[in-house]
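Peer 1: I'd like to go over a predicted model; first the sequence, then the structure.
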Amino acid sequence: MKVVILAGGLGTRISEESHLKPKPMIEIGGRPILWHLMKVFSEHGFNDFIICLGYKGYVIKEYFANYVLHNADLTVDLAKGSVEYHATNHEPWRVTLVNTGEETMTGGRLKRVAEYLPLGEPFFLTYGDGVADVDLKALVAFHKAHGKEATVTAVAPPGRFGALEIVEGGVKRFIEKPPGDNGLINGGFFVLQPEVIERIAGDATTFEAEPLESLARDDQLMARPHDGFWAAMDTLRDKNHLESLWASGQAPWRIWK
């Protein structure tokens with residue numbers, strides 16, 4: 001299955017770093033969060049990626065164009081002008097990098113990569129700025145079982161502030177960052193049939209608006225709840241939280257060895 005990753009947005013809420021690079025290239029533990037996301041898919045056996053580029057897309061192109069070079073031992077023969085690669089430490093990935101426009105919205109980006117998707121086959125769609133420990137094989141099985149056009153992974157947003165449990169004016173318990181109000185949100189990690197792209201009008205279409213809304217109206221959108229780890233890196237605070245999890249050796253999304 002193809003994995004389409006949206007990686008073209010401006011990332012304005014984390015402009016401390018995104019003024020220099022696309023948000024998916026902001027590093028966690030010395031690796032772009034995009035790399036972490038792709039490692040999650042790869043661990044489940046999905047290694048064929050289509051990355052939708054926009055803002056500073058050349059940074060992502062250069063990263064993958066030089067990936068083997070940066071992760072291999074090599075001998076450079078200056079007299080012959082040759083490079084010999086030795087032991088390499090790279091991934092079994094096939095990565096298609098597509099310029100989808102600086103100003104294109106999420107739906108428009110998906111529409112622009114339609115030519116790279118096999119006819120009649122489901123594919124993944126996700127955002128390039130978040131990580132989770134979603135069971136991707138189970139997600140695909142769920143999608144194929146219900147037979148609808150689209151599946152979205154539903155998650156409970158993490159709490160941002162501690163909460164007080166108060167009884168008769170007295171604080172009985174302090175709860176550090178509890179989950180939200182039990183409402184579920186779009187966690188990305190979609191599985192879609194190619195017909196979904198027909199619901200996208202053009203570059204100005206936001207996927208989360210009319211396409212998803214029309215799928216819901218037509219009873220073609222199913223949700224699979226995920227109660228494990230999920231995090232989106234929207235702000236510097238989010239980035240620092242993910243960095244601390246990685247540094248502690250307890251990053252829940254690290255399902256690979």
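Peer 2: Perfect, I can see it now.
Peer 1: Check what pLDDT the nearest residue to A209 once chain neighbours are set aside gets.
Peer 2: Closest residue to A209 apart from its sequence neighbours, by C-beta to C-beta, 6 or more residues apart in numbering: G107 at 7.6 Å. For glycine as for every other residue, the C-beta is placed from the backbone atoms N, C-alpha and C. At G107, the model reports a pLDDT of 97.
Peer 1: pLDDT below threshold where in the stretch 51-200 of the chain?
Peer 2: Low-confidence regions of the stretch 51-200 of the chain, defined by pLDDT under 70, span residues 159-167, 169-182.
Peer 1: quick one: the strands in it?
Peer 2: For the stretch 51-200 of the chain, the strands identified by DSSP state E, counting those that start in this stretch occupy 72-77, 82-88, 94-99, 123-127, 130-132, 150-155, 163-167, 170-175, 185-186, 190-192, in order along the chain.
Peer 1: between those, which one is nearest to K239?
Peer 2: In terms of C-beta to C-beta, the element of the strands of the stretch 51-200 of the chain nearest to K239 is strand 130-132, at 11.4 Å.
Peer 1: re earlier: for the strands of the stretch 51-200 of the chain, could you give me TSV that also reports distance to E210 and mean neighbour count?
Peer 2: Conversion of the strands of the stretch 51-200 of the chain to TSV gives the following (distance: least, C-beta to C-beta, whole Å; neighbours: other C-beta atoms under 10 Å):
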stretch	distance to E210	mean neighbour count
strand 72-77	46	11
strand 82-88	45	10
strand 94-99	22	16
strand 123-127	16	23
strand 130-132	23	23
strand 150-155	13	24
strand 163-167	36	10
strand 170-175	38	9
strand 185-186	15	14
strand 190-192	15	24
